[in-house]
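> model the following, please.
(one chain, ligands or ions: 3)
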Amino acid sequence: MKMLKNKFILIPISVLILSLGLLVFMNYNNSSISYKSYILFEKDLSSKNISTIYITDSPKIRVQLKNGTTYETDNPRTPDAKETFLEKGINVFENYPANSRQTYPIALMAISIISIIIMSLKSSGKASKRVLSLDSLDATAVEDSNYNFNNVAGNEEAKESVKDVVDFLKNPEKYASYGARMPKGIMLYGQPGTGKTLLARAVAGEADVPFYAVSGSDFIQVYVGVGASRIRQLFKKARGNSQGKAVIFIDEIDAIGKKRSGSNSSGGSDERDQTLNALLTEMSGFDEKEGIVVIAATNRLDMLDPALLRPGRFDRHIEITLPDISSREKIINLHLKNKPMGNINVHEWAQKTSYFSGAKIENLINEAAIIACKEDSVTIENKHMDKAFSIVLAGYEKKNRDYIRDIDRKITAYHEVGHALVSLKILPNEKISKITIIPSTKGAGGYTLSIPEDKLYENKDYLKRRIMVLLGGRAAEEVVFGSNYITTGARNDLQRSTSISFNMITQYGMGKTLGLLNMQELHDLNINQDEIIHECKKLIDSIYTEVKNIIIENRHCLKKITELLLEKETLFSKDLEDLKITTHR
Ligand code: ADP
Ligand code: MG
Ligand code: ZN
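Ligands and ions are numbered 1, 2, ... in the order given. I've put the predicted structure just below:
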């Protein structure tokens, strides 16, 4: 079937079929040549009716009469037959009449057969080249990619974390002279469409080095060893470019770097191991001065083989999160920049597009531009954005339910502020650096990041307070929405608080049941586990009551912070300071 890819081959094939048909038709006509017995032939011979005789080795000879008719008769097969005929004044030919009508289709056939052979040889040559190129990868470098950090809106933290890499790529010798070890590999992780590829491109563009992009799935082949050899080729190519510096980008690294599942060594896993090993070998093979940085991207960091993430490999991990409202505003502005923009309220659209990725926003604006163009509108207007929004939402809602309902957003916000508020009240020395309702790989709904105080020991009081902060999320849900509307969002909090309370009682000698005994040392002995669980529960219950009281007492404050969080989606310590919340109880 591949041969048919060259459609010109159809021409000689159809010519061949036509001429074949013509020939068959002619032969059919020919075979209608009549047959006469030898006796009748001899009669013609004696009555001198014959003009020409064609003698061949075949059992028949062909006879042409003077009146033009031809017939066949048996070959006499006598050595002197020719002589006898000649003596009688008959023309004798030792081949069949050159039927001129037949020569044309035969010639056509020959030509078409030859051209078919030539063409198929050529295309099979191509095919065999394709087989050969299985182990050579088409990693085309984008030499002067005009991407830079200006193409990446928002993602400030991520951009900040790769700035030194850009500097290193510009000047690897300088870093080498300081003995500074640059990360050879950077792992960008986060949801699809958040701009991981974009950022990698921008790094290459900012540093002005070639960008070699491949995808992990390119390396998974049917033939064992092909992936590994492709990896080697890729690095050779990147090193061999005129600058000697490069950014190698491996998208979907999970395709080759998935956690090995141990027992299950089915089909492609051997291949994947070889490819992964080749990658690790190549990465440890080049030295710091070279100026080659490998950037990989994945949606799931937790799925990756830990070997990939060790020092000297992809040891810098950068999370690319979904954009919050201010980032979305920047992304919208960026993508509207080179388009005719009418009365679009960018801030409002940033609000409407919560949980949209950068790619989704880009898609939205593109749809709006298409609609405006269809309507022959001079500029893209709000109404076009409205139409595009319902199109984009409809498309995405079917695929995944990432258009989170307003009520879910509100619950997430109260939950997160619950943590933050309790922390502000009872652990005033721990700075809350970030509260967000933008989901991340770290927390399902949102998360609150606080920087713990540096201390060598954690005392009983501190551990209790930590549990209080952990329970603050659930407590806020219950106080605000009622005990029937508490959510599954507290699962991780409860795991952690349970673990702390269990350790207090069984490991640190802070409980009553075991006293100063350590449960680990007693593991064989018959310990009354019910009693321990009972004590844990009592501890947590009493702490929870206390936490709920804090929330109730500070409901007003809870509401104030939550409203701000719902508006901004991400709050930093400065925003909290601006709210002037009194910290001590
Ligand atoms: P990922 O690699 O994380 O799946 P991409 O880098 O392929 O995402 O992003 C797809 C497109 O979405 C980009 O080409 C760009 O148009 C848009 N985009 C995503 N994030 C951003 C951003 N932070 N700023 C501007 N555009 C973005
Ligand atoms: Mg991508
Ligand atoms: Zn929580």
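> helix or strand right after the helix or strand bottoming out on mean pLDDT in the chain?
Ranked by mean pLDDT, DSSP states H and E, the helix or strand of the chain with the weakest confidence is strand 141-142, at a mean of 56. Moving toward the C-terminus from strand 141-142, the next helix or strand (DSSP states H and E) is helix 156-170.
> can you give me the buried ones in that following helix?
Residues of helix 156-170 classed as buried under the neighbour-count rule (16 or more other CB atoms under 10 Å) are A158, K159, S161, V162, V165, V166, F168, L169. Where you see a C-beta, it was placed from the backbone N, CA and C, and this is true even at glycine.
> isn't K259 up against L304?
Yes: the criterion here is CB atoms under 8 Å, and K259 meets it with L304 at 6.7 Å.
> so which of these two has more stuff around it?
L304 (21 against 13; other CB atoms under 10 Å).
> need phi/psi at that one.
phi -80, psi 150 (degrees, to the nearest 10).
> quick one: contacts for it?
Shown in contact with L304 (CB atoms under 8 Å, 6 or more residues apart in numbering): M187, I253, D254, G257, K258, K259, T298.
> and these as JSON lines, adding distance to ligand 3, pLDDT and secondary structure?
Formatted as JSON lines, the contacts of L304 follow (distance: CB to the ion, whole Å; pLDDT from 0 to 100; DSSP: H, G, I helix; E, B strand; the rest coil):
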{"residue": "M187", "distance to ligand 3": "26", "pLDDT": "95", "secondary structure": "strand"}
{"residue": "I253", "distance to ligand 3": "30", "pLDDT": "93", "secondary structure": "coil"}
{"residue": "D254", "distance to ligand 3": "28", "pLDDT": "90", "secondary structure": "helix"}
{"residue": "G257", "distance to ligand 3": "31", "pLDDT": "84", "secondary structure": "helix"}
{"residue": "K258", "distance to ligand 3": "29", "pLDDT": "82", "secondary structure": "strand"}
{"residue": "K259", "distance to ligand 3": "27", "pLDDT": "76", "secondary structure": "coil"}
{"residue": "T298", "distance to ligand 3": "25", "pLDDT": "94", "secondary structure": "strand"}
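> now, of those residues, which are buried?
M187, I253, D254, G257, K258, T298.
> ok and the residue in the stretch 151-300 of the chain nearest ligand 3?
The stretch 151-300 of the chain approaches ligand 3 most closely through Q191 (20.0 Å), counting by CB to the ion.
> which bits of the stretch 201-350 of the chain sit near ligand 1?
A297, I331, L334 (CB under 6 Å from any ligand atom).
> nearest to S501, of those residues?
Proximity to S501 was ranked across those by CB to CB; first place goes to A297, at 39.4 Å.
> hmm, the strand or helix carrying S497 touching ligand 3?
According to DSSP H and E, S497 maps onto helix 491-506. Yes: counting by CB under 5 Å from the ion, ligand 3 has neighbours in helix 491-506: D493.
> using PDB, list the CA coordinates for that helix.
Provided in PDB are the C-alpha atoms of helix 491-506 (Å, rounded to 0.1, in the frame of the first residue of the first chain):
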ATOM      1  CA  ARG A 491      -8.800  14.200  53.700                       C
ATOM      2  CA  ASN A 492      -5.200  15.000  53.600                       C
ATOM      3  CA  ASP A 493      -5.500  17.400  56.600                       C
ATOM      4  CA  LEU A 494      -7.100  14.600  58.600                       C
ATOM      5  CA  GLN A 495      -4.400  12.100  57.600                       C
ATOM      6  CA  ARG A 496      -1.700  14.400  58.800                       C
ATOM      7  CA  SER A 497      -3.400  15.400  62.100                       C
ATOM      8  CA  THR A 498      -4.100  11.800  62.900                       C
ATOM      9  CA  SER A 499      -0.500  10.900  62.300                       C
ATOM     10  CA  ILE A 500       0.700  13.700  64.600                       C
ATOM     11  CA  SER A 501      -1.600  12.800  67.400                       C
ATOM     12  CA  PHE A 502      -0.800   9.100  67.000                       C
ATOM     13  CA  ASN A 503       2.900   9.900  67.200                       C
ATOM     14  CA  MET A 504       2.400  12.100  70.200                       C
ATOM     15  CA  ILE A 505       0.800   9.200  72.100                       C
ATOM     16  CA  THR A 506       2.900   6.300  70.800                       C
END
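> list the buried residues for it?
Neighbour-count burial for helix 491-506 [16+ other CB under 10 Å]: D493, S497, T498, I500, S501, F502, M504, I505, T506.
> that older thread, what's the burial count for the residue of the stretch 151-300 of the chain closest to ligand 3?
Q191 has 19 nearby residues by other CB under 10 Å.
> coming back round to it: so what secondary structure elements neighbour the helix holding S497?
Helices and strands touching helix 491-506, as assessed by 3 or more CB pairs under 8 Å, 6 or more residues apart in numbering; DSSP states H and E, comprise helix 460-481, helix 529-553.
> tell me what the helix or strand harbouring A413 is packed against?
A413 is part of helix 406-426, with elements assigned from DSSP H and E. Packed against helix 406-426, as judged by 3+ CB pairs under 8 Å, 6+ apart, are the following elements: strand 431-436, strand 447-451, helix 460-481, helix 529-553, helix 555-568.
> could the ones you listed go into CSV alongside mean neighbour count?
Output for these, formatted as CSV (neighbours: other CB atoms under 10 Å):
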stretch, mean neighbour count
strand 431-436, 20
strand 447-451, 18
helix 460-481, 22
helix 529-553, 16
helix 555-568, 17
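> out of the ones you listed, which is closest to ligand 3?
Of the helices and strands packed on helix 406-426, nearest to ligand 3 by CB to the ion is helix 460-481, at 3.3 Å.
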